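Asker: What shape does this take:
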Amino acid sequence: MDVITTAVTAGASEGGVSAAYQMLKSRLAAQSASVADAIADVEEDPASRSRQFALSDALAAAGLAGDRYLRAAARNIIDEVERRRAARAPAASMAGQPDCAVMRVFFATNRELSGDRHPARLFGNARGPLRYGSCEVSIPRDHRMGELESPSLLRLEFRADPEQHVVLLAAELAERDSYMQALKQAIAASGSRSALLFIHGYRTTFEDAARRTGQLAYDLGFQGAPVFYSWPSQGKLSGYIVDEANVEWTQADLAAFLADFLQQSDAEHVYLIAHSMGNRALAAATASVLAARPELAGRIREVILAAPDIDADVFRHQLLPALAGVPNPLTLYASSEDSALRASKAIHGYARAGESGDGLVVAQGVETIDASTVDTGFIRHSYFAEQRTALSDMYYLIQKHARAAERFGLRAVESAAGRYWTFRE
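Answerer: Here you go, the predicted structure:
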């Protein structure tokens, strides 16, 4: 990794508050809008190697990677960190054993291969045929529920360490038949005959999706097979319009994979979770499968829609009736504090299904949870997986099969439209 990207990663890991970091960032942003966007993406998740690579590529394309002044400023930031690191006593290992868990996560994706063999860059953001495989994701033993641990300058770290951070360690491709066989074996070995399928949202790389799925499965104490479906999100702040086109394009592939998955995996209890724009693909694909193969509906245990970036009227009047075949009520987490949903409403001019407030979706067949009070700082559009309360609520839904009215952390609210829930304070 080039010295400027390393310095930006280090500065972003401490929150981007140092004067030296802010000066370097402003000089870079002033010279290239694409570099400014790439820095914003690294700041959202400094541990994401794919985002670091994207910044390095943007610097090279803008002709900034070799700038002597910028490189000197970057070295000053790194030198400061190295001096502080040298002053720290090395931590003793615990009986010489790795202090992390390694999760095996299955995937399906219609991203095109990048030609790079590094796990974080195995797939790019272009459209491709449906491919299958599995990943290894490290989870630190002292992992806190809902956190994607990243390197931090405050802890004198800026390189991903599997014993301290959630890291994508490996990603391997497999042919469809061997993939399904391995998935069957993992589901059978779990004893629960369960699987969790996660569909990510806007501004998400393949690496981001893999790390998030491993973290979710670990936090939820999920005993079955964790799986994610990765569509070709651009993985960057400026990619919203392209992401919209790709999430619509991916729906046919996701429907085909979901039908195949439900029929061939031998999972008896499937939990579907989607985030943000990924809800568009999940809702449409699930509706398509239920219409064509209604006998598969009984395998779907829960459908969880987190911050769904879907037109609220389309959701109410078109998607909900099409999803009526799902045995249990849908679970919808909404927030009036979600910045990405507000931006989406500004672009489209209409309310989104994931909004709360006056536009909160309350409907038969949906257990709606207003997550706005969990944390007023949901600006990173990832509160559904990064806030302990929301994840704890999901834990009781998935592990205890408790409906909203039975979960202690929720309080029922009666409205003119019907009952919904909010988190107890």
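
Asker: Please count neighbours and contacts with C-alpha atoms only from this point.
Answerer: Will do.

Asker: Any idea what residue 331 is bridged to?
Answerer: residue 304, residue 367 (DSSP bridges).

Asker: My read is that it contacts residue 364, right?
Answerer: No - using CA atoms under 8 Å, residue 331 makes no contact with residue 364, being 11.4 Å away.

Asker: Neighbour count: those two, which is higher?
Answerer: Taking neighbours as other CA atoms under 10 Å, residue 331 and residue 364 compare with residue 331 leading, 21 against 16.

Asker: Just want to check the distance between that one and residue 425.
Answerer: Shown here: residue 331 relative to residue 425, a distance of 20 Å by CA to CA, to the nearest Å.

Asker: now residue 56
Answerer: Applying CA to CA to residue 56 and residue 425 gives a distance of 43 Å.

Asker: Residue 29 now?
Answerer: With CA to CA as the criterion, residue 29 and residue 425 are 41 Å apart.

Asker: all strands for the protein, in order.
Answerer: Taking DSSP state E as the criterion, the chain carries its strands at 100-113, 123-140, 167-174, 194-199, 225-230, 269-275, 300-306, 330-334, 366-370, 410-415, 418-423.

Asker: Could I get the buried residue list for the third one?
Answerer: By neighbour count, with 16 or more other CA atoms under 10 Å as the criterion, the buried positions of strand 167-174 are 167, 168, 169, 170, 171.

Asker: Any idea how many residues pack against the residue nearest to the second one when sequence neighbours are not counted?
Answerer: Read it as residue 168. In space, and not counting its chain neighbours, residue 168 is closest to residue 137: 4.6 Å by CA to CA, 6 or more residues apart in numbering. Using other CA under 10 Å, residue 137 has 26 other residues around it.

Asker: returning to what we had before: from the buried residues of strand 167-174, pick the one nearest residue 61.
Answerer: For those, the minimum distance to residue 61 (CA to CA) is 26.3 Å, reached by residue 168.

Asker: How about the contacts made by the closest one?
Answerer: 119, 120, 135, 136, 137, 138, 207, 210, 211 (CA atoms under 8 Å, 6 or more residues apart in numbering).

Asker: Which single one of the residues you listed is nearest to residue 393?
Answerer: residue 211 (20.8 Å).

Asker: Who are the contact partners of that closest one?
Answerer: 137, 148, 166, 167, 168.

Asker: 10 Å instead, please
Answerer: Shown here is residue 211, whose contacts under the criterion CA atoms under 10 Å, 6 or more residues apart in numbering are 48, 103, 105, 135-139, 148, 166-169.

Asker: before we move on, what about residue 107?
Answerer: By CA under 10 Å, 6+ apart, the neighbours of residue 107 are 131-135, 171-174, 179, 197-198, 206, 209-210, 213, 226-230.

Asker: Equivalent analysis for residue 327, please.
Answerer: So, once contact is read as CA under 10 Å, 6+ apart, residue 327 ends up touching 297, 298, 299, 300, 301, 302, 303, 365.

Asker: which of the residues you listed are buried?
Answerer: Judged by 16+ other CA under 10 Å, buried ones among these: 297, 299, 300, 301, 302, 303, 365.

Asker: Looking at those residues, spot the one nearest residue 408.
Answerer: residue 302 (19.1 Å).

Asker: That closest one touches residue 365, doesn't it?
Answerer: No - counting by CA atoms under 10 Å, residue 302 stays clear of residue 365, with 11.9 Å between them.

Asker: joint contacts of the two?
Answerer: By CA under 10 Å, 6+ apart, the residues touching both residue 302 and residue 365 are 326, 327, 328, 329, 330, 331.

Asker: ok so, going back, between the strands of the chain, which one is nearest to residue 70?
Answerer: It is, among the strands of the chain and with distance given as CA to CA, strand 123-140, at 27.9 Å.

Asker: Show me what that closest one is packed against.
Answerer: Under the contact definition 3 or more CA pairs under 10 Å, 6 or more residues apart in numbering; DSSP states H and E, strand 123-140 sits against strand 100-113, strand 167-174, helix 176-190, helix 206-219, strand 225-230, helix 240-249, helix 251-264.

Asker: can you pull the buried residues of it?
Answerer: Those would be 123-125, 127, 130-140, for strand 123-140 by 16+ other CA under 10 Å.

Asker: Would you mind getting the angle between that strand and helix 176-190?
Answerer: Per axes from the mean of the first three to the mean of the last three CA atoms, to 10 degrees, the angle that strand 123-140 makes with helix 176-190 is 20 degrees.

Asker: so how far is strand 123-140 off the chain centroid?
Answerer: With CA atoms, centre = their mean, to the nearest Å as the basis, strand 123-140 stands 13 Å off its chain's centre.

Asker: picking up where we left off before, residue 288: which of the contacts of residue 327 is nearest?
Answerer: Residue 288 lies nearest to residue 297 out of the contacts of residue 327, by CA to CA, at 11.3 Å.
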